[in-house]
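**Student:** Dropping a prediction and its sequence here:
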Amino acid sequence: MKKVIAAQLAAIALAMLIAGCAAGPDFVAPAAPTVHRYTAQVLGGEAAQPEHTQRLAAGQEVPGRWWTSFGSGPLNALVAAALAANPDLQAAQAALQAARENAAAQQGLWWPDATLHVSPTRQRVADTLSSPTAAGANLYSLHTAQLNVGYSPDVFGGMRRQVEAAGAQVDVARYQGEAARLTLAANVVLAAISEAALRAQLDVTRELADLARRQRDATRAMQRAGQVGSADVAAQEAALAQVEAGVPPLEKQVAQQRNLLAVLGGRMPADGPGAAVLDFDSLALAGTLPVSVPARLVEHRPDIRAAEAQLHAASAQVGVARAARLPNIALTATLGGSALDAGTLFKSGAGFWSIGADLVQPLFKGGALRHQQRAAEVAYTQASFQYRSVVLTAFQNVADALHAVDADARALRSADAAEQAARRSLGIAQRQWQLGALAYPAVLLAQQSWQQASVALIAARAARYADTVALFQALGGGWTDDLQVASAGRP
């Protein structure tokens with residue numbers, strides 16, 4: 001017996017020595033791209049506009065609460081409400097918790113498995129057979145209690161790779177949650193800016209309709225005086241109808257944006273966004289746009305970090321598949337007792353025990369284990385290409401946003417110049433009308449031109465705000481692995 005126990009202890013010691021090795025490759029994070037800029041051309045991003053001149057600041061990090069750069073309290077409140085109550089974000093947080101529990105469950109593989117069995121049975125043997133009891137009774141009760149302990153030393157690191165894969169899945173869920181948080185904040189800001197811009201355009205369009213209505217009335221008066229014909233009146237009526245036709249679509253879009261803001265904030269559309277209406281003219285545009293260096297983008301984008309964690313999990317699964325083809329040792333021990341009477345179950349003579357070891361080496365499974373390993377290796381290759389695709393898309397997002405900001409600067413310059421020219425033209429027309437050198441309908445036409453230029457300027461400003469948001473989002477929104485900002489409840 002002593003030799004058997006010594007052999008078991010020697011097997012355990014040998015397993016512990018070998019367990020330091022783990023099958024499969026040790027994961028190494030992909031190297032950061034070596035490019036030094038996002039676009040083929042050097043972009044300045046500067047443009048004059050009524051309040052600001054915006055420039056790109058290479059090498060600066062995006063602030064964590066980047067939406068505060070727009071200088072709007074209501075906007076900050078909308079983002080805070082969404083981060084606290086959005087169901088998609090809450091679902092992502094629940095997914096993270098589930099991944100953590102699964103990882104904790106995998107860590108149980110490190111420990112021995114112990115089970116307790118208590119089995120009372122009532123039995124009868126045939127009369128033609130000998131009774132197993134001392135009394136010779138054919139009908140008897142048997143009470144058995146036993147403790148089973150099993151332990152599988154992680155000889156080739158298969159279990160360690162399983163735990164590693166589960167930990168990588170926790171990282172995937174965490175980074176996906178941060179990506180959802182970033183996307184949510186960007187969507188709220190974009191929806192709020194769009195709603196404010198649409199309301200501003202709606203106000204201008206209603207003013208245009210009022211001007212067109214006054215122009216029609218003036219033309220009708222001139223017709224009655226014999227100064228113009230019916231064709232002029234019809235033209236003005238058509239112009240009025242055209243302007244009025246633009247009001248309902250804008251009203252529809254404003255209502256839809258309000259509904260979107262409510263839903264993003266975890267509220268019913270009937271309840272509204274639950275925050276003050278955003279004033280478009282109160283928005284400020286940051287004079288400096290921080291643009292982190294390209295090598296840091298892979299650290300600042302949570303979707304890239306999620307793809308990297310997925311690659312890590314795939315690498316660990318290769319180790320799991322390789323370990324499944326190697327020998328495995330299982331150590332077992334049983335301690336218990338069996339008696340006809342429950343009261344004598346643990347008395348002397350009723351006990352039994354066993355200890356054993358099982359060395360298992362797969363020999364033939366129809367090639368299943370080999371193909372499973374190859375499948376894991378191909379899955380790792382697939383994950384590496386997916387990671388590469390995510391990185392390329394991220395750099396494309398930044399480049400697109402930078403080009404958009406640069407183009408917006410020029411478009412805003414043109415829209416601003418057009419609005420100022422239309423305003424000057426209106427001033428000249430008003431002075432000439434006051435001097436009697438110009439008829440009032442010409443003043444109304446000048447007012448319409450100015451209002452239309454104002455609508456175009458609002459659209460240009462809104463586009464620049466939206467593309468600024470896109471740049472912040474493309475750069476990772478200030479999120480880093482060490483500092484998770486924009487937590488729920490923070491404005």
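**Tutor:** Perfect, I can see it now.

**Student:** Would you map the helices across the stretch 101-250 of the chain?
**Tutor:** Assigned by DSSP state H, counting those that start in this stretch, the stretch 101-250 of the chain shows helices spanning 158-224, 230-245, 247-264.

**Student:** now do the stretch 301-450 of the chain
**Tutor:** Using DSSP H, counting those that start in this stretch, helices in the stretch 301-450 of the chain cover 302-323, 368-434, 440-474.

**Student:** Low-confidence bits of the stretch 51-200 of the chain, can you list those?
**Tutor:** Low-confidence segments of the stretch 51-200 of the chain (pLDDT under 70): 51-53.

**Student:** one more time with 50
**Tutor:** In the predicted model, the stretch 51-200 of the chain carries pLDDT under 50 at residues 51-52.

**Student:** likewise the stretch 301-450 of the chain?
**Tutor:** Filtered on pLDDT under 50, the stretch 301-450 of the chain yields no residues whatsoever.

**Student:** What is the burial count for the closest residue to residue 22 other than its chain neighbours?
**Tutor:** Using CB to CB, 6 or more residues apart in numbering and skipping the chain neighbours, the partner closest in space to residue 22 is residue 157 (2.5 Å). Every C-beta, even on glycine, is put in place using the N, C-alpha and C of the backbone. Neighbour count for residue 157, taken as other CB atoms under 10 Å: 23.

**Student:** for residue 267, same thing?
**Tutor:** Neighbourhood size, residue 267 [other CB under 10 Å]: 18.

**Student:** Now for it: which residues touch it?
**Tutor:** Counting by CB atoms under 8 Å, 6 or more residues apart in numbering, residue 267 makes contact with 85, 273, 274.

**Student:** closest one to residue 62 among the helices of the stretch 101-250 of the chain?
**Tutor:** Closest to residue 62 of the helices of the stretch 101-250 of the chain is helix 158-224 (CB to CB; 10.4 Å).

**Student:** Save the helices of the stretch 301-450 of the chain as a markdown table, and put in distance to residue 112 too.
**Tutor:** Below are the helices of the stretch 301-450 of the chain laid out as a markdown table (distance: least, CB to CB, whole Å):
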| stretch | distance to residue 112 |
| --- | --- |
| helix 302-323 | 19 |
| helix 368-434 | 26 |
| helix 440-474 | 49 |
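
**Student:** Turn these into JSON lines, including mean neighbour count.
**Tutor:** Below are those laid out as JSON lines (neighbours: other CB atoms under 10 Å):
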{"stretch": "helix 302-323", "mean neighbour count": "23"}
{"stretch": "helix 368-434", "mean neighbour count": "17"}
{"stretch": "helix 440-474", "mean neighbour count": "21"}
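
**Student:** Residue 183: which of the ones you listed is closest?
**Tutor:** Closest approach to residue 183 among the helices of the stretch 301-450 of the chain (CB to CB): helix 440-474, 7.3 Å.

**Student:** Which strands or helices does that closest one pack on?
**Tutor:** Contact here means 3 or more CB pairs under 8 Å, 6 or more residues apart in numbering; DSSP states H and E; on that basis helix 440-474 packs against helix 158-224, strand 288-291, helix 368-434.

**Student:** follow-up on the earlier one: out of the helices of the stretch 301-450 of the chain, the one nearest residue 36 is which?
**Tutor:** Per CB to CB, nearest to residue 36 of the helices of the stretch 301-450 of the chain: helix 368-434, 12.0 Å.

**Student:** name the helices or strands packed onto the closest one?
**Tutor:** Applying 3+ CB pairs under 8 Å, 6+ apart, we find helix 368-434 packed against strand 288-291, helix 294-300, helix 302-323, helix 440-474.

**Student:** Swap in 10 Å and give it another go.
**Tutor:** strand 55-58, strand 288-291, helix 294-300, helix 302-323, helix 440-474 (3 or more CB pairs under 10 Å, 6 or more residues apart in numbering; DSSP states H and E).

**Student:** I'd like the ones you listed laid out as JSON lines, including distance to residue 217.
**Tutor:** Compiled in JSON lines, the helices and strands packed on helix 368-434 are given as follows (distance: least, CB to CB, whole Å):
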{"stretch": "strand 55-58", "distance to residue 217": "49"}
{"stretch": "strand 288-291", "distance to residue 217": "48"}
{"stretch": "helix 294-300", "distance to residue 217": "59"}
{"stretch": "helix 302-323", "distance to residue 217": "58"}
{"stretch": "helix 440-474", "distance to residue 217": "10"}
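
**Student:** out of those, which comes closest to residue 32?
**Tutor:** Ranking those by proximity to residue 32 (CB to CB) places helix 294-300 first, at 4.5 Å.

**Student:** Any buried residues in that closest one, and which?
**Tutor:** 294, 297, 298, 299, 300 (16 or more other CB atoms under 10 Å).

**Student:** Next, format these as CSV and append pLDDT and distance to residue 104.
**Tutor:** Below are these laid out as CSV (pLDDT from 0 to 100; distance: CB to CB, whole Å):
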residue, pLDDT, distance to residue 104
294, 89, 37
297, 91, 32
298, 91, 29
299, 89, 27
300, 88, 29
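
**Student:** Just the closest of those residues to residue 389, please.
**Tutor:** Comparing these against residue 389 with CB to CB places residue 298 closest, at 13.3 Å.

**Student:** Please report the distance of that closest one from residue 415.
**Tutor:** Look at residue 298 and residue 415: by CB to CB, to the nearest Å, they are 37 Å apart.

**Student:** swap in residue 167?
**Tutor:** From residue 167 to residue 415 the distance is 52 Å (CB to CB).

**Student:** cool, and residue 274?
**Tutor:** For residue 274, the distance to residue 415 equals 33 Å [CB to CB].

**Student:** ok, now residue 392?
**Tutor:** Look at residue 392 and residue 415: by CB to CB, they are 33 Å apart.

**Student:** Kindly report the same for residue 288.
**Tutor:** With CB to CB as the criterion, residue 288 and residue 415 are 22 Å apart.
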